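Peer 1: Could you look at this predicted model? Sequence included:
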Amino acid sequence: MEDCTVNGFHIQKNSRVIINVWTIGRDPIGQLDNPEKFIPERFIGSNVDVKGHDFQFLPFGSGRRGCPGMQLGLTVVSLLVAQLVHCFYWELPNGMLPSDLDMTEDFGLVVSKAKHLMAVPTY
């Protein structure tokens, strides 16, 4: 929309800028260690947003050009967790009581279930 300077490079108005996201995601100086390895644990404890607002997910696109399969992936994971909860008999290990279970962790699905006690059917 207007002339600008980025890291000392002058970019003229109406220029097309092509960003090599593949190289940025594999930069050894960048934020990822072993970028070629599948290590999903690397994002534990970070405030990464899957909506495309964070640098770590830049290879998957952002905004209107975001990953077209993201919504499908999030839906499939939700359905898988729901099926696991529905289809299996879950119990606490070693005779532990529900009152002994610490549900104070501030994370996702656990928060909405923290004040509930569900009756488990016996077969």
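Peer 2: Structure's in. What do you need?
Peer 1: contacts, neighbours, all on C-alpha from now
Peer 2: Noted.
Peer 1: to the chain's geometric centre, what's the distance from stretch 92-101?
Peer 2: Computed by Cα atoms, centre = their mean, to the nearest Å, the separation of stretch 92-101 from the middle of its chain amounts to 30 Å.
Peer 1: Can I get it in PDB, CA atoms only?
Peer 2: In PDB, the C-alpha atoms belonging to stretch 92-101 read as follows (Å, rounded to 0.1, in the frame of the first residue of the first chain):
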ATOM      1  CA  LEU A  92      -9.300 -44.400  38.700                       C
ATOM      2  CA  PRO A  93      -6.300 -46.500  39.400                       C
ATOM      3  CA  ASN A  94      -5.600 -48.500  42.700                       C
ATOM      4  CA  GLY A  95      -8.900 -47.800  44.300                       C
ATOM      5  CA  MET A  96      -8.500 -44.000  44.200                       C
ATOM      6  CA  LEU A  97     -11.600 -42.000  45.000                       C
ATOM      7  CA  PRO A  98     -12.900 -39.100  42.900                       C
ATOM      8  CA  SER A  99     -12.400 -36.800  45.800                       C
ATOM      9  CA  ASP A 100      -8.600 -37.700  45.700                       C
ATOM     10  CA  LEU A 101      -8.300 -36.500  42.100                       C
END
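Peer 1: What mean pLDDT does it get?
Peer 2: Taken as a whole, stretch 92-101 has an average pLDDT of 86.
Peer 1: Now Phe60: closest residue in space, sequence neighbours ignored.
Peer 2: Excluding the flanking residues, the one nearest Phe60 by Cα to Cα, 6 or more residues apart in numbering is Cys67, at 5.2 Å.
Peer 1: That neighbour: neighbour count?
Peer 2: Counted with other Cα atoms under 10 Å, the neighbours of Cys67 add up to 17.
Peer 1: how would you label it: helix, strand or coil?
Peer 2: Under DSSP: H, G, I helix; E, B strand; the rest coil, the three-state class of Cys67 is coil.
Peer 1: again with Thr5
Peer 2: strand.
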